[in-house]
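Trainee: Structure for the following, please:
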Amino acid sequence: METRLTNIFITGATGFIGSYLVEHLSQNPDNIIYGLHRSIKYESTFNALKIYEKENVNTILGDVTNTLKIQEIISNNDIDQIYHLAAQPIVQKASLTPISTYNTNVYGTLSILESVRSMSRQLNKEIVTFVMGTDKSYGTSDILPYTEDLPLNGLDIYSSSKACQDIIARTYFHNYNLPIVIARPSNTYGIDFQWSRLIPSLAKSCFKSQNKPLILNKGSFHQIREYTYVKDLVKAIYLLVHNIDETKGNSYNISSECKYTTEDVVHKFLELTNTKKIIDFKEKESTFKEIPEQCLNTNKLKSVIKWSPSYNLESGLKETIEKYKEWFKIN
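Mentor: Below you'll find the model as predicted:
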């Protein structure tokens with residue numbers, strides 16, 4: 001019997017998490033992947049993971065807000081599953097560019113979901129859809145760890161845009177009974193080239209600017225976060241989609257449930273790279289609002305998909321550091 005191929009559409013496919021998701025899904029030769037992107041920078045997770053070598057991965061230049069383009073992709077490729085990851089992901093940049101952030105994060109999500117609604121009818125099939133949310137949507141809360149039934153109260157530009165995205169996705173399930181599932185992950189790390197983020201900034205400082213101080217935002221050293229290795233995250237995403245009968249209409253926290261201060265992560269990274277650094281602090285932009293402490297309860301996730309992380313902070317950082325070493329050695 002001929003194997004039924006699965007046609008998968010991924011937005012944000014050349015971004016940090018998107019590239020790891022493409023790598024994970026492309027390991028199955030029966031998956032044919034169509035990845036939407038606005039650009040592929042040379043310094044990118046997509047290139048570092050050598051995704052361009054995958055024969056079952058096709059990249060498509062386009063914008064997630066172009067609804068006609070999205071519908072064309074779904075129709076022409078008979079899409080079965082959609083993973084919507086395209087977003088403005090940088091909190092600081094989002095605060096400086098609110099209109100483009102809301103356009104991408106909110107209208108982009110609306111464009112995807114309205115395309116799914118329209119094309120599901122036209123193709124006479126269910127199109128399973130995953131939407132990437134964030135733990136930032138909860139905002140600052142006196143109730144920790146966050147559980148999924150807490151109100152979404154993210155008040156900075158990035159967090160509020162992602163909270164809107166989350167609500168819109170659940171609305172499309174509620175109103176139209178579309179098979180949609182949402183994730184709210186904690187801080188995620190791996191080889192990433194957004195240099196303003198903590199792990200990439202540490203890698204660049206240790207491997208490219210060895211003789212210069214490490215510069216961190218003032219006031220961030222004692223912030224508390226949970227750090228999830230990206231390979232654990234994409235496995236959870238995969239399981240949410242492949243258990244859609246149980247997961248649809250819901251949002252799920254995804255986290256290692258191991259809390260660390262920024263200081264903890266910095267010292268662990270320096271220890272693992274055997275690097276000594278002077279640490280200096282700079283004033284952050286007044287519009288750059290950060291949440292002092294975040295942590296997630298993942299009982300709901302684990303009860304449905306039986307997921308648990310395979311990596312702790314040290315093992316995840318070790319693998320990440322090796323990837324950066326390989327990249328900087330070549331470049």
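Trainee: all strands of the stretch 101-250 of the chain, in order?
Mentor: With strands called from DSSP state E, counting those that start in this stretch, the stretch 101-250 of the chain shows them at 128-132, 180-185, 187-189, 214-217, 224-229.
Trainee: Select, out of those strands, the one closest to residue 28.
Mentor: Closest to residue 28 of these, according to CB to CB: strand 128-132, at 15.4 Å. For the C-beta atoms, the positions are set from N, CA and C on the backbone; glycine is no exception.
Trainee: Given that closest one, what are its sheet partners and their directions?
Mentor: According to DSSP bridges, strand 128-132 forms sheet pairs with strand 81-84 (parallel), strand 180-185 (parallel).
Trainee: related to what we said a few turns ago, closest to residue 241 out of the strands of the stretch 101-250 of the chain?
Mentor: If you check each of these against residue 241 by CB to CB, strand 128-132 wins as the nearest, at 5.2 Å.
Trainee: quick one: residue 76 from residue 105, how far?
Mentor: 26 Å (CB to CB, to the nearest Å).
Trainee: picking that back up, possible to save the strands of the stretch 101-250 of the chain as JSON lines with mean pLDDT?
Mentor: Shown next, in JSON lines, are the strands of the stretch 101-250 of the chain (pLDDT from 0 to 100):
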{"stretch": "strand 128-132", "mean pLDDT": "98"}
{"stretch": "strand 180-185", "mean pLDDT": "98"}
{"stretch": "strand 187-189", "mean pLDDT": "97"}
{"stretch": "strand 214-217", "mean pLDDT": "82"}
{"stretch": "strand 224-229", "mean pLDDT": "96"}
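Trainee: tally of neighbours for residue 76?
Mentor: When neighbours are defined as other CB atoms under 10 Å, residue 76 has 11 of them.
Trainee: what's near enough to touch it?
Mentor: For residue 76, the contact set (CB atoms under 8 Å, 6 or more residues apart in numbering) is empty.
Trainee: next one: residue 183
Mentor: 130-133, 233, 236-237, 240, 251-252, 254.
Trainee: one more time with 6 Å, if that's ok
Mentor: 132-133, 237, 252, 254 (CB atoms under 6 Å, 6 or more residues apart in numbering).
Trainee: What about these, which are in helices?
Mentor: residue 237 (DSSP state H).
Trainee: Looking at the contacts of residue 183, which is nearest residue 186?
Mentor: residue 254 (7.0 Å).
Trainee: so what's the closest one closest to, chain neighbours aside?
Mentor: What sits nearest to residue 254 in space, not counting adjacent residues and going by CB to CB, 6 or more residues apart in numbering, is residue 185, at 4.3 Å.
Trainee: Quick check: that neighbour touching residue 256?
Mentor: No: using CB atoms under 6 Å, residue 185 is not in contact with residue 256, being 10.0 Å away.
Trainee: before we move on, the earlier item: got the strands of the stretch 101-250 of the chain as a markdown table, with distance to residue 69 columns?
Mentor: Shown next, in a markdown table, are the strands of the stretch 101-250 of the chain (distance: least, CB to CB, whole Å):
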| stretch | distance to residue 69 |
| --- | --- |
| strand 128-132 | 17 |
| strand 180-185 | 21 |
| strand 187-189 | 28 |
| strand 214-217 | 37 |
| strand 224-229 | 32 |
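Trainee: all helices for this protein, in order.
Mentor: Using DSSP H, the helices of the chain run over 16-26, 45-48, 67-76, 91-96, 98-102, 108-123, 157-176, 198-207, 230-242, 244-247, 262-272, 299-305, 313-330.
Trainee: Report all helices and strands that the last one contacts.
Mentor: Read that as helix 313-330. With contacts defined as 3 or more CB pairs under 6 Å, 6 or more residues apart in numbering; DSSP states H and E, helix 313-330 has these neighbours: helix 198-207.
Trainee: And for the fourth one?
Mentor: Using 3+ CB pairs under 6 Å, 6+ apart as the contact criterion, the neighbours of helix 91-96 among helices and strands are helix 157-176.
Trainee: what's next to the helix it packs on, contact-wise?
Mentor: By CB under 6 Å, 6+ apart, helix 157-176 touches 91, 94-95, 98, 101-102, 105-106, 109-110, 113, 117, 131, 133-134, 136-137, 139, 152, 154, 178, 180, 182, 249, 251.
Trainee: who does residue 32 bridge with?
Mentor: Here residue 32, judged by DSSP bridges, has bridge partners residue 7.
Trainee: so it touches residue 4, yeah?
Mentor: No: look at residue 32 against residue 4 with CB under 6 Å: they stay out of range, at 11.0 Å.
Trainee: Tell me which of these two has more neighbours.
Mentor: residue 32 (21 against 8).
Trainee: And that one, how far from residue 132?
Mentor: Distance of residue 32 to residue 132, computed by CB to CB: 21 Å.
Trainee: same thing with residue 65?
Mentor: Distance from residue 65 to residue 132, by CB to CB: 16 Å.
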